[in-house]
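*Asks:* got a predicted model here, sequence first, then my questions.
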Amino acid sequence: MSRRARAALAGYLFLTPACLLLITFRVIPALSAVRHAFTEWDGVADPTSVGLANFGELLGDDVFRTAVQHNLLLVGAVPLWLVVSLVLALLIHQDIPGSRFFRAAFFLPSVLSPVIVGTLFTALLRSSGPVNGALKSVGLGALARDWLGDPHAALPTMVLVMLWCVFGMGVIMFLAGLAAVPKEIFEAARIDGAQGWPFLIYIVVPSLRYVIEFWAVNLVVWSFTSLFAFVYVMTGGGPGYATMLVEYQLYLQAFEFDRMGYACALGTALFMVVFGIALLQVRLMTRGED
Amino acid sequence: MMRLALALLCLVSLLCAAGCPKPPQAETKAQPPTPAGEAVTLTVWDWHAADPSKGVGLWLTEIDREFERANPNVKIKHVAQSHTEYYEIFKAAAAAASPERGPDVVMLHQGSRIMDNTGSLTPLTEYVTPEFRKKLVGWEVTCEGYDTNGTPWAVPIAVQGLVWYYHKGLLKEAGLDPARPPRTWKDFLAACEAMRKIGKAGIAVGEKEGFWSDWFINSAYFQTMTPEDKAALVTGKMKWTDPKAVALVERLKELADRGCFQEGAMATPLFPDAGEAFMRGDAAFFLGLISDVAHWKEFGEMIGAENLGVMTCPVFQDGPNASKLPTGGAFAYAVTKWCLHPKEAFDYIAFIANDDHAATFLTEVGSFPANQTYDASLIEDPNAQAIAGWLAEGRTGPQMTDMTPTEVGEALRRECQRVLTAQTTVEAALAAVQKAADGVAAQKGTGP
């Protein structure tokens, strides 16, 4: 066996465990879910084929429609999540006093479990909690409300909690990206008089284009697939359906109503939506790259 | 090209693997009797065993040891499961369906939770004797078809019910007579208003999960519906949009509109936060339970039994059943279909439900047992005495939602939340509940 073939074999051998895990715990369950999306199944008895009935039901499902709207609203918040992280990363990158402390402090929420974050903010945001207490103490009592019990405030409040949880990771991403940009580019821009927003839009953003693309796609996928714990702990999707997200509806259908087949159809639809949006996003971002 | 072909081949193989038919599950076979003296371990699942130092957890722990002493060949392995995810975990165990891994005996809520899981349970017909059946109440929510003569799937252990507790000290503070709690709806609303005037709330409500609305409707439905109406609602002959159901949700809305709830009720969990608000004296009334938690014993220990009162739902529409309290939804024990020792498993359940343990369930745990042989003179607490009196008089009826499919119950709770937060009207909310009921009927091929 040639040296090259041996090296290739070693490479494949190293890849094998990861591939097996991926196939066993991701690919096969995902394909199985797609298969079950065409069945009526309670998770215990044998599934029975129902063709496209589950997808037909999805189209007329008011809760699904509401949940998708909420998910899209979260996707609409992605620019906010990006800008906050980017601006803070820039400030830290400029070595403002205490930047090392802020770097660690901003990152801290990212290592906390969503369950902990959800529990913490549920306590902070309750009607008689510290947030309303603080508002009242500075004369802003009119703004105090039942943050998670008011259907108009609950979803925006959750968006802010999620921002708090995730922005630190964005800051670290952008700091890594900024560290890779040659200092001369920023210095030249400054000498040419670029400051404030023009500096951010015309110098920083193009320099960090790939990091922004990567993080934006991540956030979009995250906003569709990783917020279950927040909803479960903080609101249960309520009041009513005010904070219902597709993944929470999927959980209810699968584990509360024993409708695994319909839940699989929801999961498949969710995958298609996320895949479509992510694809569109990458296309838009890489437009004119050549 | 070769690589593409290989990749496609792999993909097709995976699809085939994922799509290949599931091997048929092993059918349940009647288990041969366990040879005398053979060592048996029974795995018992419940949501009470998490804290064996007090309450039901302690009571069960003592029963386990007692049963092991009486049956030296049987070992009880009690496994505590989270109440929140209990049925999800049980369904996962049922899907695995293995005597080595799953439980032999499971605690289940009476009613639809049992009926939803009969495919994973052993019918207890051959073990439940007429004498045993006669001693216990609650069979109508543990037997097939909600019929006391149907196949028994579980043994009722406790009696649960909904009553209204009130804080006598707060009523007095508001200038009301604590010896005469408000009985009519008008007086009740006036009492809530009086509470507001002294800076307290009328009712301590926890509506985060929507359970409070569910409880309220169950507590009040005797005033607008007859048992026949309730049966018609279950079978779909009566619609959720019927004026009798509308009247209930309108009363619920009225409570919110009149500011009877404590601040932040919509984001407050029912357990334990709303009960704690009542015990702290933040509100004068609490719609609570008669057994287990959020009940007379818990509240009495905290605010003093002499300071606690109990009543049934305030009356807004008088009638022969207006002062009834709903019962049901307590816990029961069942034997799983994969259990290798169903006889021993049933013996264990019957041991829990025996006369001695019924008495200790009442005196030590402070909960009402399904076994009706207990001596009522054992009850010292005045509120428990009042409840026991109502139970003995037969001033009880089934819960309105005990046979409601889970999806419909969920829709009802969420729509009530929407009504309470002015996101929808009462009529639109109940139309949505009816739509959910129609959907379930279509799926299951049931309906009028």
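*Replies:* Yep, that arrived. Residues are numbered from 1 along each chain as shown, chains lettered A, B, ... in the order given.

*Asks:* drop to CA atoms for contacts and neighbour counts, all remaining ones
*Replies:* Fine.

*Asks:* for the stretch 201-350 of chain B, what spans make up the helices?
*Replies:* Under the criterion DSSP state H, counting those that start in this stretch, the stretch 201-350 of chain B contains helices at B:211-220, B:227-235, B:243-257, B:275-280, B:296-303, B:342-352.

*Asks:* need the least confident one among those, by mean pLDDT.
*Replies:* Among the helices of the stretch 201-350 of chain B, helix B:227-235 carries the lowest mean pLDDT, a mean of 89.

*Asks:* now that one, how far from the centre of its chain.
*Replies:* On the basis of C-alpha atoms, centre = their mean, to the nearest Å, helix B:227-235 sits 20 Å off its chain's mean C-alpha point.

*Asks:* ok, for residue A:161, nearest residue in space, not its chain neighbours?
*Replies:* residue A:121 (7.4 Å; C-alpha to C-alpha, 6 or more residues apart in numbering or on different chains).

*Asks:* double-check that that neighbour belongs to a strand.
*Replies:* No. Under DSSP: H, G, I helix; E, B strand; the rest coil, residue A:121 falls outside any strand and is assigned helix.

*Asks:* what's the neighbour count on it?
*Replies:* Residues within reach of residue A:121, counting by other C-alpha atoms under 10 Å in any protein chain shown, total 20.

*Asks:* now do residue B:135
*Replies:* With other C-alpha under 10 Å as criterion, residue B:135 counts 14.

*Asks:* okay, the closest residue to it other than its chain neighbours: pLDDT?
*Replies:* Using C-alpha to C-alpha, 6+ apart and skipping residues adjacent in sequence, the residue nearest residue B:135 is residue B:371, 5.5 Å away. Residue B:371 is assigned a predicted lDDT (pLDDT) of 94.

*Asks:* who in the stretch 201-350 of chain B is up against chain A?
*Replies:* Within the stretch 201-350 of chain B, the positions adjacent to chain A are B:208-209, B:263-268 by C-alpha under 8 Å from any C-alpha of the partner chain.

*Asks:* mind checking the helices of the stretch 201-350 of chain B for the one nearest to residue B:411?
*Replies:* Residue B:411 lies closest to helix B:211-220 among the helices of the stretch 201-350 of chain B, at 10.6 Å (C-alpha to C-alpha).

*Asks:* the inter-axis angle of that closest one versus helix B:243-257?
*Replies:* With axes from the mean of the first three to the mean of the last three C-alpha atoms, to 10 degrees defining the directions, helix B:211-220 sits at 130 degrees from helix B:243-257.

*Asks:* what's helix B:211-220 packed up against?
*Replies:* Packed against helix B:211-220 by the contact rule (3 or more C-alpha pairs under 8 Å, 6 or more residues apart in numbering or on different chains; DSSP states H and E) you find strand B:162-167, helix B:243-257, strand B:283-289, strand B:325-327, helix B:406-420.

*Asks:* quick one: which of these is nearest residue A:166?
*Replies:* helix B:406-420 (29.5 Å).

*Asks:* ok, back up a step: how about the helices and strands packed on helix B:211-220 in a markdown table, adding mean neighbour count?
*Replies:* Output for those, formatted as a markdown table (neighbours: other C-alpha atoms under 10 Å in any protein chain shown):
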| stretch | mean neighbour count |
| --- | --- |
| strand B:162-167 | 25 |
| helix B:243-257 | 19 |
| strand B:283-289 | 26 |
| strand B:325-327 | 25 |
| helix B:406-420 | 25 |
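
*Asks:* how's chain B carved up into domains?
*Replies:* Under automatic domain parsing, the residue ranges defining each domain of chain B are B:40-160+B:328-373, B:162-324+B:400-444.

*Asks:* which of the ones you listed has the lowest average pLDDT?
*Replies:* domain B:40-160+B:328-373 (a mean of 91).

*Asks:* first to last residue in that domain, what's the distance?
*Replies:* 30 Å (C-alpha to C-alpha, to the nearest Å).

*Asks:* now that domain, how far from the chain's geometric center?
*Replies:* 14 Å.

*Asks:* picking up where we left off before, redo the domains of chain B as TSV? Include distance to residue A:208.
*Replies:* Converted to TSV, those look like this (distance: least, C-alpha to C-alpha, whole Å):
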stretch	distance to residue A:208
domain B:40-160+B:328-373	44
domain B:162-324+B:400-444	41
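
*Asks:* those: which one's closest to residue A:259?
*Replies:* domain B:162-324+B:400-444 (10.1 Å).

*Asks:* that closest one: end-to-end distance?
*Replies:* For domain B:162-324+B:400-444, the first-to-last residue distance is 30 Å (C-alpha to C-alpha).

*Asks:* so residue B:295 makes contact with residue B:286?
*Replies:* No. Between residue B:295 and residue B:286 there is no contact under C-alpha atoms under 8 Å: 9.7 Å.

*Asks:* by neighbours, which of the residues of the stretch 201-350 of chain B next to chain A wins?
*Replies:* Within those, residue B:266 tops the neighbour count with 30 neighbours, counted by other C-alpha under 10 Å.

*Asks:* and the residue of the stretch 51-200 of chain B closest to chain A?
*Replies:* residue B:95 (4.8 Å; C-alpha to the nearest C-alpha).

*Asks:* may I ask which helix or strand encompasses the closest residue to chain B within the stretch 51-200 of chain A?
*Replies:* Using C-alpha to the nearest C-alpha, the closest approach of the stretch 51-200 of chain A to chain B is made by residue A:149 at 4.4 Å. Using DSSP states H and E, residue A:149 falls within no helix or strand.

*Asks:* list the contacts of it.
*Replies:* Residue A:149 is in contact with A:235, A:238-239, B:208, B:264-267, counting by C-alpha atoms under 8 Å, 6 or more residues apart in numbering or on different chains.

*Asks:* give me phi/psi at it?
*Replies:* phi -100, psi -10 (degrees, to the nearest 10).

*Asks:* distance check, it against residue B:192.
*Replies:* As judged by C-alpha to C-alpha, residue A:149 and residue B:192 stand 21 Å apart.

*Asks:* cool, and residue B:143?
*Replies:* Taken as C-alpha to C-alpha, the span from residue B:143 to residue B:192 is 41 Å.

*Asks:* same thing with residue B:86?
*Replies:* Per C-alpha to C-alpha, residue B:86 is found 37 Å from residue B:192.

*Asks:* those two: which has the busier surroundings?
*Replies:* Legend: neighbour count by other C-alpha under 10 Å for residue B:86 and residue B:192, higher for residue B:192 (25 against 16).

*Asks:* nearest residue to that one in space, please, no chain neighbours.
*Replies:* Distance criterion C-alpha to C-alpha, 6+ apart; nearest residue to residue B:192, sequence neighbours excluded, is residue B:202 at 4.1 Å.

*Asks:* okay, the helices of the stretch 201-350 of chain B in a markdown table with distance to residue A:136 next?
*Replies:* As requested, the helices of the stretch 201-350 of chain B are arranged in a markdown table below (distance: least, C-alpha to C-alpha, whole Å):
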| stretch | distance to residue A:136 |
| --- | --- |
| helix B:211-220 | 29 |
| helix B:227-235 | 48 |
| helix B:243-257 | 24 |
| helix B:275-280 | 22 |
| helix B:296-303 | 31 |
| helix B:342-352 | 54 |
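
*Asks:* tell me which of those helices sits most buried.
*Replies:* helix B:211-220 (a mean of 23; mean count of other C-alpha atoms under 10 Å in any protein chain shown).

*Asks:* and the angle for it with strand B:283-289?
*Replies:* 80 degrees.

*Asks:* right, and residue B:273 touches residue B:208 too?
*Replies:* No. Residue B:273 lies out of contact with residue B:208 (C-alpha under 8 Å); the separation is 10.3 Å.

*Asks:* surely residue A:107 is in a strand?
*Replies:* No. Remark: residue A:107 does not belong to a strand; assigned using three-state DSSP, it is helix.

*Asks:* burial measure for the residue of the stretch 151-290 of chain A found nearest chain B, as a count.
*Replies:* Chain B sits closest to residue A:240 of the stretch 151-290 of chain A, with a gap of 4.2 Å, by C-alpha to the nearest C-alpha. Other residues near residue A:240 come to 28 when the count uses other C-alpha under 10 Å.

*Asks:* so what's it closest to, chain neighbours aside?
*Replies:* That would be residue B:414: by C-alpha to C-alpha, 6+ apart, it lies 4.2 Å from residue A:240.
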